[in-house]
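Enquirer: Quick one, structure for this:
(one chain, ligands or ions: 1)
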Amino acid sequence: MSLNYRLTPGLLALRAEARAVGAAGIAAHGVHNDSWINGFSKEFSETIAAQGWVGMTWPVEHGDGGRPPIERVIVAEELISLGAPIAASWFADRQFGPSLISYGTHDQQAEYLPGILSGATTWSIGMSEPDAGSDLAALKTSAVRAGDVFVVNGQKVWTSGAALADYCYLICRTDSTGRPHEGISELIVPMDLPGIEVRTIRDMVDNTHFCETWFTDVRVPVENLVGVEGAAFRQTMTQLEHERGGIDRLVSNKPLYDHARSVADAEDPRVRQQIARLETGYRLGRILVYRETLRQAPPGFSAATKTYCTEHQQRVAQFAAGVLGPAATLDSPHSRAFAYSPAYTIMGGTSNIMRNILGERVLGLPREPRA
Ligand SMILES: Cc1cc2nc3c(=O)[nH]c(=O)nc-3n(C[C@H](O)[C@H](O)[C@H](O)COP(=O)(O)OP(=O)(O)OC[C@H]3O[C@@H](n4cnc5c(N)ncnc54)[C@H](O)[C@@H]3O)c2cc1C
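Expert: From the prediction side, this is the model:
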């Protein structure tokens with residue numbers, strides 16, 4: 001039996017179209033490494049939405065999507081590889097739309113999906129807290145039912161894009177009497193509600209997507225609860241699966257790679273070997289992502305896909321630093337992209353946590369006894 005990884009003529013045409021739209025996007029808005037977090041342009045998100053490239057795979061009853069998942073991967077790979085600014089629509093396209101389709105009420109779908117599909121609304125995810133990152137079940141932000149509202153109090157941190165978002169998809173605690181994984185709920189929080197304060201964090205390479213978000217007596221209508229009150233932990237984990245196995249984990253710093261490769265001394269056999277390894281890495285990573293996309297990977301395997309792909313991105317950064325030499329220490333988009341690279345194996349769950357998931361859920365190894 002032979003495997004054929006060639007794209008069909010239709011997919012090749014779609015790829016060329018995405019490349020052309022992405023090229024126009026970077027001409028207008030600049031090149032961004034990690035453009036799905038750092039490249040924010042509402043205008044460009046509305047452009048790709050008008051192309052039908054937001055919610056591409058959603059069931060047709062929720063828009064004009066219904067396209068095969070492979071088409072979405074092809075488009076996303078081109079846009080992100082070029083560094084086109086898709087951050088205004090990416091999070092909702094990748095995970096909140098699918099979550100609302102799976103767990104939302106009919107009214108929630110009718111209210112929120114059109115804004116996502118048109119690129120008009122931007123969403124952020126309020127999950128991590130100062131004392132709850134890897135151990136999400138330790139989260140403390142509370143939502144207490146009071147008549148027809150939940151009253152939300154607490155603090156989130158590392159909330160990418162919160163300062164520019166219209167909604168926060170908030171993971172919070174509606175009950176603290178049970179075990180840590182119990183009592184967790186998901187709420188849609190409009191960012192213009194009274195009691196929300198957002199402070200931007202400038203990271204060491206000058207990005208400003210990170211935010212701290214405070215909620216003080218924020219009154220969120222009960223109809224903004226997504227899914228079952230107090231039973232959202234599994235729902236949240238499913239949402240994270242949407243986050244982990246995608247092409248965004250493989251090609252985020254492709255602009256850095258393309259630059260480094262263009263200036264690398266390809267006469268040097270050691271450099272050629274590095275390029276060969278990285279080119280192989282892109283191909284292996286793409287196959288892993290395709291397996292996730294086509295739902296051929298075992299449950300939980302997105303943890304392995306994320307680990308391989310994000311560690312590949314760090315190898316790309318190391319290669320670029322070697323090629324740039326002392327220039328990698330001077331301030332430039334390339335040196336910033338290099339210095340940013342530790343983030344890849346932290347965001348969306350660290351490699352340590354991914355390896356735990358792989359060991360326990362995929363390989364069935366014994367769990368480490370809790371201290
Ligand atoms: C670029 C970027 C964007 C982000 N965007 C968002 C966002 O939009 N919304 C949001 O909510 N969060 C966001 N985050 C936060 C991210 O999800 C957390 O940083 C991540 O989950 C790790 O949590 P922590 O930083 O609290 O580290 P900790 O959980 O404190 O971990 C510290 C170290 O201990 C290790 N560790 C912890 N527990 C274990 C264990 N059981 N076994 C082995 N090792 C362990 C970790 O691997 C890590 O090395 C973002 C992070 C980054 C870098």
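
Enquirer: Residue 134 is in contact with residue 350, correct?
Expert: Yes - the pair residue 350 / residue 134 is scored as a contact, 6.1 Å apart, by CB atoms under 8 Å. The way it works is simple: take the backbone N, C-alpha and C, and place the C-beta from them, glycine included.

Enquirer: Which one's more surrounded, these two?
Expert: residue 350 (16 against 12; other CB atoms under 10 Å).

Enquirer: who's in contact with the more buried one?
Expert: Residues in contact with residue 350 (CB atoms under 8 Å, 6 or more residues apart in numbering) are residue 134.

Enquirer: For it, what are phi and psi?
Expert: Backbone torsions for residue 350, taken as degrees, to the nearest 10, come to phi -70, psi 160.

Enquirer: cool, residue 293 as well?
Expert: Dihedral angles (degrees, to the nearest 10) for residue 293: phi -60, psi -40.

Enquirer: Show me what the helix or strand residue 111 falls within packs onto, helices and strands only.
Expert: Following DSSP states H and E, one finds residue 111 within helix 106-117. Judged by 3 or more CB pairs under 8 Å, 6 or more residues apart in numbering; DSSP states H and E, the packing partners of helix 106-117 are helix 97-103.

Enquirer: so how far is the helix it packs on from its chain's centroid?
Expert: 16 Å (CA atoms, centre = their mean, to the nearest Å).

Enquirer: Identify the residues contacting that helix?
Expert: Helix 97-103 is touched from outside by 55, 58-59, 62, 108-109, 112-113, 116-117, 169, 186, 226-227, 235, 238-239, 242, with contacts defined as CB under 8 Å, 6+ apart.

Enquirer: Also stretch 177-192?
Expert: 99, 103, 108, 112, 126, 137-139, 143, 150, 152, 162, 165-176, 196, 198, 215, 218, 220, 224-227, 229-233, 235-236.

Enquirer: Leaving out the residues flanking it, which one is nearest to residue 68?
Expert: Excluding the flanking residues, the one nearest residue 68 by CB to CB, 6 or more residues apart in numbering is residue 57, at 7.2 Å.

Enquirer: The one you found: what's it in contact with?
Expert: Residue 57 makes contacts with 65-69, 71-72, as judged by CB under 8 Å, 6+ apart.

Enquirer: tell me the least confident of these?
Expert: Lowest pLDDT of these: residue 65, 91.

Enquirer: next one: phi and psi at it?
Expert: Phi and psi for residue 65, reported as degrees, to the nearest 10, are phi -70, psi -120.

Enquirer: Skipping its backbone neighbours, what lies nearest it in space?
Expert: Nearest non-adjacent residue to residue 65, counting by CB to CB, 6+ apart: residue 58, 3.9 Å away.

Enquirer: need the contact list for that neighbour.
Expert: 65-66, 97-98, 101, 113, 117.

Enquirer: Any quick PyMOL command for the buried ones out of those?
Expert: Buried members of those, defined by 16 or more other CB atoms under 10 Å, are picked up in PyMOL with:
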select buried, resi 65+97+98+101+113+117
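
Enquirer: Give me the domain ranges for this protein.
Expert: Listed by automatic domain parsing, the domain ranges of the chain are 9-121, 124-230, 245-362.

Enquirer: Can you tell me the number of residues neighbouring the residue in the stretch 101-250 of the chain that the ligand sits nearest to?
Expert: Using CB to the nearest ligand atom, residue 133 is the residue of the stretch 101-250 of the chain that sits closest to the ligand, at 1.8 Å. For residue 133, the tally of surrounding residues (other CB under 10 Å) stands at 17.

Enquirer: And the pLDDT for it?
Expert: If you check residue 133, the pLDDT there is 95.

Enquirer: And residue 242, by the same measure?
Expert: Listed pLDDT for residue 242 reads 69.

Enquirer: got it, and residue 370?
Expert: If you check residue 370, the pLDDT there is 63.

Enquirer: Same question for residue 43.
Expert: Residue 43 is given a pLDDT of 97.

Enquirer: Regarding it, what is its secondary structure?
Expert: helix (DSSP: H, G, I helix; E, B strand; the rest coil).

Enquirer: ok, residue 316 - contacts?
Expert: By CB under 8 Å, 6+ apart, the contact set of residue 316 is 253-254, 256-257, 260, 278, 281, 341.

Enquirer: How much space separates it from residue 76?
Expert: Residue 316 sits 18 Å away from residue 76, going by CB to CB, to the nearest Å.

Enquirer: ok, the nearest residue to residue 39 once chain neighbours are set aside - how many residues close by?
Expert: Residue nearest to residue 39 in three dimensions, not counting chain neighbours: residue 85, with 3.0 Å by CB to CB, 6+ apart. When counting by other CB under 10 Å, one arrives at 27 neighbours for residue 85.

Enquirer: hang on, isn't residue 85 packed against residue 31?
Expert: No - look at residue 85 against residue 31 with CB under 8 Å: they stay out of range, at 9.1 Å.

Enquirer: ok, stretch 169-180 near the ligand or not?
Expert: No - judged by CB under 6 Å from any ligand atom, stretch 169-180 stays clear of the ligand, getting no closer than 7.6 Å.

Enquirer: Run through the residues of this protein sitting next to the ligand.
Expert: Taking CB under 6 Å from any ligand atom as the measure of proximity, the chain contacts the ligand at 124-128, 133-134, 158-160, 343, 346-347, 349-350, 352-353, 356.
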